[in-house]
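Engineer: 3D, please:
(chains A, B, C and D)
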Amino acid sequence: MKQVLFSVKENTPLTDNVYKMILTGDCSDITASGQFVNIKIDGLFLRRPISVCDREGDTLTIIYKVVGKGTEIMSKMPEGTVLDVLTGLGNGYNLELCGENPLLLGGGVGVPPMYMLAKELRNIGKKVTVILGFNTKSEVFYEDEFKSLGCDVTVTTVDGSYGKKGFVTDALPESYSHFCCCGPEPMLKAVYKSTNTSGQLSFEERMGCGFGACMGCSCKTITGYKRICKEGPVMKKEEILWED
Amino acid sequence: MKQVLFSVKENTPLTDNVYKMILTGDCSDITASGQFVNIKIDGLFLRRPISVCDREGDTLTIIYKVVGKGTEIMSKMPEGTVLDVLTGLGNGYNLELCGENPLLLGGGVGVPPMYMLAKELRNIGKKVTVILGFNTKSEVFYEDEFKSLGCDVTVTTVDGSYGKKGFVTDALPESYSHFCCCGPEPMLKAVYKSTNTSGQLSFEERMGCGFGACMGCSCKTITGYKRICKEGPVMKKEEILWED
Amino acid sequence: MGRLSVNLCGVELENPVIPASGTFGFGYEFAEIYDINCLGTFSFKGTTKDARFGNPTPRIAECTAGMINAVGLQNPGVEKVIAEELPKLKKCFNKPVMANVSGFSVDDYAYTCEKLDKEEQIGWFEVNVSCPNVHGGGMSFGTDPKAAFEVTKAVKAVTNKPVIVKLSPNVTDIVSIAKACEDAGADGISLINTMLGMRIDLNRRTPIIKNKMGGFSGSAIFPVAVRMVYQVSNAVSIPVVGMGGVSSAEDVIEMMMAGATAVEIGAANLINPFACRDIINELPQVLDKYKINEIKDIIGVVE
Amino acid sequence: MGRLSVNLCGVELENPVIPASGTFGFGYEFAEIYDINCLGTFSFKGTTKDARFGNPTPRIAECTAGMINAVGLQNPGVEKVIAEELPKLKKCFNKPVMANVSGFSVDDYAYTCEKLDKEEQIGWFEVNVSCPNVHGGGMSFGTDPKAAFEVTKAVKAVTNKPVIVKLSPNVTDIVSIAKACEDAGADGISLINTMLGMRIDLNRRTPIIKNKMGGFSGSAIFPVAVRMVYQVSNAVSIPVVGMGGVSSAEDVIEMMMAGATAVEIGAANLINPFACRDIINELPQVLDKYKINEIKDIIGVVE
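Structural biologist: This is a model prediction of the structure:
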């Protein structure tokens, strides 16, 4: 973990309420896809955890959805805004478990972390299949970005207004070596049930600190209690214990 | 009272810790010298009451000393900053009581309201004598501004490093028709004791609202309880009741 | 009535927004800047049997997201309130007003309420057993269920108007005190009054407030207020008026979901004199945002 | 020792800054980002007889100038703390540490403290009779003087190390509880623990916290903390450790002027992991600013 001052280079909407923010600063502590950063916002007490979408040298890309006060304020930040950010939080995805032709599944704001993961996997020559799930056509983003990485990309929409109708689990390919998934809990559960390989899933929880101090985001796993912000957010399929 | 958005046109130091801020906005509710405005500052709960130094059309001039968080933040406000201000607060000085050759006494940050008062009195052709009291030379400001209004100006410094050595009460002229005074309470008391005419004195107190709602700044007078923010800050000499 | 209307102890309110006692005087200072008839009602300056100047100054200290006051019930006394303040109020406010009453003995409360009972402008009594700023009285009635019971009973005996008892948050068990008031016949409970707080002037090395301690209010105390409103509204069967740090239309909704039938707004009026008017104007959009049809539908919706 | 040193119950502290229990784990998460030996000491994660997962999530809610937590004493239990956590801590912290202990019965407290007493790393016990997040225990000990007395007495019987009792602010009369602890032999009092608070999710119309209510902390509660530290330090003759919303070097000074011998810092660590280090570094300038020679000179300077 590092405390770094970033400056906003770009902050543009991808859809009605999903924004892409490009930040410049020291990214050296961001060592794996699936990690997140924790952003201090003036006037709000708690930092806002946002998953890393991409990292190139000193350039950090995050994608966030406007859901409350914090993201509302973020969406209005002009270029040049300086942000106090804790970087390199969480464990991230383990590439070594992915095998030769991994399957990546992202739902809604669960899509962004899949981008950096796909990029890393392509860099080491893996055949990457990506399924991106959205509710409807107007919410779709990043399809082309994944394609230009050379991934085999399928988009699903719940209402069928774009791509394949249904959920990501309605578009599972014949075979894949491993899966990596990020999205809302119902999607994680569905993917957990309908996949037949090993996999890694990224979880969300309201956090106090984001770096393991407050025990605010603890969860039970087969291998014991874990802090989603520290031992997570990515969990191996085998260790997951569904609460309800 | 009016709630007005002002924008900072100029914000420059007059001494080490005294600043002059020129604001543009609707000044129509500022009807008398001695009135004050109450400024909302982001991140602080209470507004900051600052006395009016001058008002010309849409231009408001205030002079403030950096004494705490609020004035500290104000001193760093760049040109163009927009401020939420309650204007036209308090009663102000009554010109009709001043007579032909009034005496104006200002001490430290009690000097600014005397400027608008002197200006008004000169405009109606009065002979105005001004005594400005400071601790030391480096704290002196606005001497020339009063002179250019055509006032007879004396500056006193406690340590004698500039002007006449001593307090404003050490520089009282032979005769004057009335006095108007603003400054720290010890100065008000001294002036009260050493003057032999009718007079008006401006008082300070920690305020909650600044417009008469909270009773935070009440004081006792010979004519009953008064709110320094509403029936004050200017009191007639005859009505003053010293608490201790 | 419209989608903002609520019924407080049998009296219909056009909306649930009520400026809290001590932050709105007797209304006319605010009537100078907007038409206060847009309010549900308001609770006027705490009134006592005899005139009071209150505490020495400084009476005000700033805090993060709040302030401390130690005014100490400055008011002209019930006779003058009736003779001078209410007639002035009548000129600018044509709705029933809430009469906030304090005292230093059970008889004080009864005496003052009996006098005010004859005034038809008054729609409710708000009996303040929780002022933190007066010694040998005020809060002590609100920290002991027996005393709260006695005061409530005495006031109920002298008026047929709804009696709402205003409680202090500076207690171990707010529910037991609320229940004591209900048992004594209270028609409603309002809470929370200010929290006892203190700030120090680091240069002078003395308390900022001359009285040392005072009542802490402002958005900082909102989570404590929501908690107590929730606890009390789930324990009593009479309406609860929620207050404590409410400063936005969303805060009003949160208080009502916690169990409040109406909501008082205090310190916010001192920072933004238009706060209550602005919140009333915002409420319809906020109801839409949260898919609420009529505001009364969400009272105590949280289980 | 330097101008920042204070003496807490007979043990010298290099400075009065102490990360509060539950916001600093067992230290090593923070040791990864700075040398925690700059701290006066710290109070480790609340430890109980048996291992606890704590409460269901969500456990965290945001507030204006603060937060609510309902972790519920998650900890591995005293055996594991001794076997696993303390050895890890020893590697990164070479000063005496404060052992924060909770329980559900008087025997629980005694059992856990007796086990920990043998560990030479431990310089003080901080007996938490004020956790708002565990039912049938925790806070109840801190809201009743008799229960606080019993717990204190039982712990004093099993250790010769200084015993500091951590009190809850959610009470009518904090002084009576502090005095009960002093009468039972407590060597110090620490306060305030969190205030019981609640927030609501307006979309879901449910409490944000799964447990409904939780402990409210952060700068918002500072004025209540200063008030209670002042009241207690003027009523007892044992040292007081002040906490509650402290987030700057100036806040530390204010707490000490109110009567605190040392100051704990909680929620601030969660927002800025370097908060305690930064405050310690700022303190010398702040002492100069307020013309304070040695920090111990201002303890309880406010009359």
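
Engineer: now for the top strand by length along chain A, which elements pack on it?
Structural biologist: Determined from DSSP state E, the single longest strand within chain A is strand A:2-13. When contacts are defined as 3 or more CB pairs under 8 Å, 6 or more residues apart in numbering or on different chains; DSSP states H and E, strand A:2-13 packs onto strand A:18-24, helix A:69-75, strand A:82-89. Using the backbone N, CA and C atoms, a C-beta is placed for each residue, glycine as well.

Engineer: Name the spans of the chain whose pLDDT lies under the cut-off.
Structural biologist: With no chain named, the answer covers chain A. Across chain A, residues meeting the criterion (pLDDT under 70) sit at A:244.

Engineer: wait, chain C
Structural biologist: C:1, C:132-139.

Engineer: Would you tell me which helix is longest in chain A?
Structural biologist: helix A:111-123 (DSSP state H).

Engineer: Reformat the helices and strands packed on strand A:2-13 into CSV and put distance to chain C and mean neighbour count next to each item.
Structural biologist: Output for the helices and strands packed on strand A:2-13, formatted as CSV (distance: least, CB to the nearest CB, whole Å; neighbours: other CB atoms under 10 Å in any protein chain shown):
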stretch, distance to chain C, mean neighbour count
strand A:18-24, 19, 20
helix A:69-75, 10, 17
strand A:82-89, 19, 21
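
Engineer: show me the contacts for residue C:45.
Structural biologist: Listed by CB atoms under 8 Å, 6 or more residues apart in numbering or on different chains, the contact set of residue C:45 reads B:215, C:21-22, C:24-26, C:74-75, C:85, C:100.

Engineer: swap in residue A:57?
Structural biologist: Contacts of residue A:57 by CB under 8 Å, 6+ apart are residue A:27.

Engineer: And for the closest residue to residue C:293 other than its chain neighbours, the neighbour number?
Structural biologist: Leaving out its chain neighbours, the residue that sits closest to residue C:293 by CB to CB, 6 or more residues apart in numbering or on different chains is residue C:3, at 6.7 Å. Residues within reach of residue C:3, counting by other CB atoms under 10 Å in any protein chain shown, total 15.

Engineer: Return the distance of residue C:3 relative to residue D:203.
Structural biologist: Residue C:3 sits 19 Å away from residue D:203, going by CB to CB, to the nearest Å.

Engineer: before we move on, what about residue A:99?
Structural biologist: 40 Å.

Engineer: Please say which of the two ends up with more neighbours.
Structural biologist: Remark: of residue A:99 and residue D:203, residue A:99 carries more neighbours, 17 against 11, as counted by other CB under 10 Å.

Engineer: And the more buried one, its phi and psi?
Structural biologist: Phi and psi for residue A:99, reported as degrees, to the nearest 10, are phi 70, psi -170.

Engineer: quick one: contacts for the closest residue to it other than its chain neighbours?
Structural biologist: Spatial nearest neighbour of residue A:99, excluding adjacent residues (CB to CB, 6+ apart): residue A:177 at 2.6 Å. Taking CB under 8 Å, 6+ apart, we find residue A:177 in contact with A:98-102, A:197.

Engineer: returning to that earlier point: how about the CA coordinates for whatever helix or strand comes next after the longest helix of chain A, as CSV?
Structural biologist: For helix A:111-123, the succeeding helix or strand toward the C-terminus, using DSSP states H and E, is strand A:129-134. Output of strand A:129-134 as CSV, limited to C-alpha atoms (Å, rounded to 0.1, in the frame of the first residue of the first chain):
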residue,chain,number,x,y,z
THR,A,129,-12.6,-15.6,-23.9
VAL,A,130,-14.6,-12.7,-22.4
ILE,A,131,-18.3,-12.4,-21.6
LEU,A,132,-19.6,-9.0,-20.6
GLY,A,133,-23.0,-8.8,-19.0
PHE,A,134,-25.3,-5.7,-18.9
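
Engineer: This completes my enquiry, with thanks.
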